[in-house]
Every structure is written in C-alpha cells, then in structure tokens.
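> Fold the following.
(2 chains)
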Amino acid sequence: MSSDATELHLKGYLILKRAIVVFLLLGGGRTCLAQESPYFVTYDHHLEEPGNLEIETYATLGVPRSAQSFYIAPWMETEYGVTARWTAELYLEGQGTAGDNAVFTGWRIENRFRPWKREHWINPVLYVEYESVSEASRIQKEILGGGPDVRSPNSELQPIKNHELEGKLILSSTVRDWNLAGNFITEKNVSRNEGFEFGYAFGFSRPLGTLASGAACRFCRENFIAGVEFYGGLGSTASGVGVRDTAHYVAPVVSWQVSENSSIHFSPAFALNGLGSPMLIRLGYSYEIHGLGGKLAQIFGGRR
Amino acid sequence: MWRPSIGTLFAILVGVAATLGQNTGYQQDPNWRAPDPAAARPNPLADKPEAAAGGRKLFHRNCVECHGEDGSGLAKKHAADLQLPVVQGQTDGTLFWKITNGNTGRGMPSFSKLPELQRWQLVLYLRTLKATAAPEARPSPN
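Numbers count the residues shown, from 1 in each chain, chains lettered A, B, ... in the order given. The predicted structure follows:
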C-alpha cells in the first residue's frame, strides 16, 4: 500500500471514529419516548418533546394504473422539539420512476404550534410550512387540489419549481385511549397564480395494549399502534372547490416500537376513485435522539 | 421576490431554537393546579402494586431525561425533585392530571399520548420514589 493510500485510510478511520463518538454521545446512551403516531398524512396534537430530535426516513411507493409507471418517492424528516408547544421540521425529498430517472424534488420547512397550554376535549395545533418543490414531487404527504401528476415524465415536471406556503388547522382529541384527528389544509403557490388549493386528512388510532408490562419486550401489544386514516384533495379556487376531480384514499396504518428509540411504520393506501395511483404503499423508520441540545452543549463544552 | 436558500432558513431556525429551547429555571408553579374533580380521582391500579414495574419502565422511557434515574430532578433541567414531600404529598389524581396535561410553559410536556392506564402506572411508580420523602407527608390536592 502506498503512503498516500495509508494516509487516506487513516483519515477515513479518524472520521469514522469521530462519527461513532458523536453518535454515541447523541443517541447511544439514552432511552426515548415510545408511542409514535402511526399516521403518515394526518397530524395529531402531540408535538416533539423539547430538546429531542427525531430523524425519520419514509417512502411512498406508487402502484401504477395503465399508462402510469411504478414510482418510489423517499423523503427524510428531521423533527426538533423547540419548546413543549413548538416543533420544527425540515424535509428533503426525491422521487424515482421506473423507466424514467430519479430526481431530488425539493425541501420543506414546517412549524407546528400548540396555542393552548392544557389538554382539552379538542386540541388545536397551527401548522405553517414553506416548501420549495418541483412538480415531480410524489411523496404525497398531503393530497391537495387535484392531486399530483403521476403520468407526465420527470423531464417535463422537474423544471417546474414551486414555492408554496401551506397552512393546516390540526384538531385532535384523545377519547378513551383512541386518538381522533382531523386536518384542514390550504396551500398557496407563490410562484404562479394557481389560486388556493385545499385538502383534508382524518384519522383514528389506538395502542393495541394499554397496560405496560414490567419486562422489556419487543413484540408486546403495547408496542403497536393501529388505526385508519382518510385523506384527499378538495380542489382549488382556480379549478373549483369540491371532492370531484381529485384523489381520495383510505389507509390502514400501523406503527411498531421496535426499540426504545426507534419505530417502524407501514400503511397501504387504497384509492377511493379512479384518480391518482390506485394504491400507495408507505413505509417509514424513525429514530429519536433525546435531549439533543444538552448533548451538543456537552460536546462543544457549552452550557445547557 | 426574495427566495431564501435552505441554508439561510435552517440557520434562522437553529438560532431561534437555541434561544428558546432552554429552560430558564425551575420553580414551583402556583398556577399549575389540578381541578378538584381531577385531583379527587383515585388510581384504578392502586390495588395492583405489581403494575408499578411497568410504571418503572415507562418512567425510564419518558421521565428520566429530566427527572433523573431516582426522580430527584436534574438541576440543569430545572426539573422537579419527585421525592420531595411537596410532590409526594399530592393526590394520585393530581399527579395523573399533571402527567396528562404537562406544564408546557415551564418545559414539562404533556404525556396524553400515553394510554390512560400507563399514566396511572407512572403515578404508581412515582409513589415508590417516596422512600426518601418525609413520611408524615399527607396527600393534598395540589
């Protein structure tokens, strides 16, 4: 092996070693919150705990109709609990279509605010998002207006960039261990005049076990949450508001708390009409780092 | 029109988060009081002390980060010492209400996402932390 190669090897080893140290300091030594929401589209009123960072990777797989192609649209979320009543998130998303190419479709920054301090029968949360995504985006975190274009090739869709502001009113309630949540969504494309687009999402879910066992266990019922969500578009002020000419889905959802700080999510979504993809398969994995702010302070010698 | 770069937006977000994400100091909040009907609720698991084992697991998942392994409260988090008579003297219903609602203005999140029985299990486990608390403490509503 040459001296250059040895030097590169050593540098790589040092970088890897530092990365492992940072990972262990950040997340390796602490257990974290269970009971992640199983929904993919619907938001409930539970925010990230202050100081916690959750890293999530998801994918939406679109099963095609005739004249459509199979696609996979992965996205990554980093969700941080700024305070007990404010959670901020950054999204990065992409898309790959069979017989076409794979593209980075853009990014989003969202914030959720909980205006009320206490739990109420109905708990509102205000959601504000700014997104810079191309027309090729197919993650379908929400269905808006007439839904995404899943027929046109990426070469036509990717150059069309959208800068959009999105707002949601999230209403959520806990009734006898059931979560009931409804989201009313509106979006404005500030890049061009498309009017306001609207959408909705509703969901209900419940843990399969409500009493925690004393022993550590991976397959206990308490580690699973199951439910159903419904979502779709409600048209736009430009093309007409209503439930026609837009996609609607019903989707069973399940999440499994695999370990103390990670969970797996799964949801097959079935189209309720002939628009959009006939079926979406959604998969996700999330990993939570507790007390990120304090741990960063430890690493850099600051005060927390 | 101004189109901020992703780096600019993220830098602003992190800056604001770093400013607001810190707890300024723990003090008993006189306004954090359970309503009387909530304070009077009995623990449905009171006759099942074995359920405290599950409460211990939940405590380690959800509470240790701020309240410490023994519940004595981490100074840097300004978290309450759960062994103190001022905490142990509160009724089961009050502790359940406080776990459910949190005190979001003071950094204590709501744990209503936990099923109701699991919140009662937490209350059951909190009582086992009483060992170092004053034995004469009598439960009071808040």
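
> hey, where'd the helices end up in chain A?
Using DSSP state H, the helices assigned to chain A run over residues A:3-23, A:154-157, A:292-300.

> do chain B as well
B:6-20, B:36-39, B:52-62, B:64-67, B:85-88, B:92-101, B:116-128.

> so which of those comes closest to residue A:257?
The closest of the helices of chain B to residue A:257 is helix B:52-62. By CB to CB, the value is 9.5 Å. From N, CA and C alone the C-beta is placed, and that goes for glycine too.

> so for the closest one, what's the average pLDDT?
Rounded to a whole number, the mean pLDDT of helix B:52-62 is 91.

> likewise stretch B:108-120?
Stretch B:108-120 comes out with an average pLDDT of 92.

> CA atoms only for it - export them in CSV, please.
Taking only C-alpha atoms (Å, rounded to 0.1, in the frame of the first residue of the first chain), the coordinates of stretch B:108-120 have been written out as CSV:
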residue,chain,number,x,y,z
MET,B,108,-42.9,19.9,31.1
PRO,B,109,-44.6,18.3,28.1
SER,B,110,-48.0,16.7,28.0
PHE,B,111,-48.0,12.9,28.1
SER,B,112,-51.5,12.4,27.0
LYS,B,113,-50.2,10.3,24.1
LEU,B,114,-49.6,7.5,26.7
PRO,B,115,-52.7,5.4,27.3
GLU,B,116,-54.6,6.3,30.4
LEU,B,117,-53.6,3.1,32.3
GLN,B,118,-50.0,3.7,31.5
ARG,B,119,-50.2,7.2,33.1
TRP,B,120,-51.7,5.6,36.2
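
> How far does it sit from its chain's centre?
In terms of CA atoms, centre = their mean, to the nearest Å, the centre of stretch B:108-120 is found 10 Å from the chain centre.

> For residue A:104, list each beta-bridge partner.
In this structure, residue A:104 has beta-bridge partners residue A:94, where bridges are defined by DSSP bridges.

> now it: how far from chain B?
Using CB to the nearest CB, to the nearest Å, residue A:104 is found at 12 Å from chain B.

> For residue B:6, give me the pLDDT.
Model confidence at residue B:6, expressed as pLDDT, equals 64.

> Please read the previous query as pertaining to residue A:35.
Reading off the per-residue confidence, residue A:35 sits at a pLDDT of 59.

> what is the nearest residue to residue A:55 once chain neighbours are set aside paired to in the beta sheet?
Nearest residue to residue A:55, sequence neighbours excluded (CB to CB, 6 or more residues apart in numbering or on different chains): residue A:287, at 5.1 Å. Residues in a beta bridge with residue A:287, per DSSP bridges, are residue A:55, residue A:262.

> what sits against residue A:287?
Contacts of residue A:287 were listed using CB atoms under 8 Å, 6 or more residues apart in numbering or on different chains, and they are A:27, A:54, A:55, A:56, A:261, A:262.

> cool, and residue A:251?
Residues A:40, A:41, A:228, A:229, A:230, A:231, A:267, A:268, A:269, A:270, A:280, A:282 are the ones in contact with residue A:251 under the rule CB under 8 Å, 6+ apart.

> Quick one, grab the pLDDT at it.
Residue A:251 carries a pLDDT value of 97.

> rewinding a little: to chain A, which of the helices of chain B lies closest?
For the helices of chain B, the distance to chain A is smallest for helix B:52-62, at 2.8 Å, taking CB to the nearest CB.

> show me the contacts for residue 96.
This is for chain A. Taking CB under 8 Å, 6+ apart, we find residue A:96 in contact with A:71, A:72, A:73, A:102, A:103.

> right idea, wrong chain: chain B
Shown here is residue B:96, whose contacts under the criterion CB under 8 Å, 6+ apart are B:38, B:41, B:43, B:119, B:120, B:123.

> In ChimeraX, select just the buried ones from the residues you listed.
Entered in ChimeraX, the line below selects the buried ones among the contacts of residue B:96, by 16 or more other CB atoms under 10 Å in any protein chain shown:
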select /B:38,43,119,120,123
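
> Pick out whichever of the contacts of residue B:96 sits closest to residue B:85.
Each of the contacts of residue B:96 was scored against residue B:85 by CB to CB, and residue B:123 proved nearest at 16.4 Å.

> OK, contacts around residue A:103?
For residue A:103, the residues meeting the contact criterion (CB under 8 Å, 6+ apart) are A:94, A:95, A:96, A:134, A:136, A:154, A:158.

> So what's the residue count around residue A:81?
Other residues within reach of residue A:81, judged by other CB atoms under 10 Å in any protein chain shown, total 24.

> Quick check: closest non-adjacent residue to it.
With CB to CB, 6+ apart as the measure, residue A:48 is the residue that lies nearest to residue A:81, at 3.5 Å, once sequence neighbours are left out.

> Check whether that neighbour really touches residue A:80, as I assumed.
Yes: here residue A:48 reaches residue A:80: they are 6.5 Å apart, a contact under CB atoms under 8 Å.

> Could you measure from residue A:257 over to residue B:64?
Separation of residue A:257 from residue B:64 (CB to CB, to the nearest Å): 17 Å.

> With residue A:129 instead?
Plainly put, residue A:129 is 33 Å away from residue B:64 if you go by CB to CB.

> With residue A:290 instead?
The value you get for residue A:290 to residue B:64, if CB to CB is used, is 9 Å.

> more neighbours, these two?
When residue A:290 is set against residue B:64 and neighbours are counted by other CB under 10 Å, the residue ahead is residue A:290, at 25 against 16.

> That one and residue B:63 touch, don't they?
No: here residue A:290 does not reach residue B:63: they are 11.3 Å apart, not a contact under CB under 8 Å.

> Let me see the backbone angles for residue 84.
As the question left the chain open, I've gone with chain A. Its backbone dihedrals place residue A:84 at phi -70, psi -10, with angles given as degrees, to the nearest 10.

> nearest spatial neighbour of it, skipping sequence neighbours?
When the adjacent residues along the chain are set aside, residue A:84 lies closest to residue B:104, with 3.8 Å between them (CB to CB, 6+ apart).

> Hmm, residue A:86 and that neighbour touching each other?
No: the pair residue B:104 / residue A:86 is not scored as a contact, 9.4 Å apart, by CB under 8 Å.

> Report the set of residues contacting both of the two.
Between them, residue B:104 and residue A:86 share the neighbouring residues residue A:114, with contact defined by CB under 8 Å, 6+ apart.

> Please consider this matter closed, and thank you.
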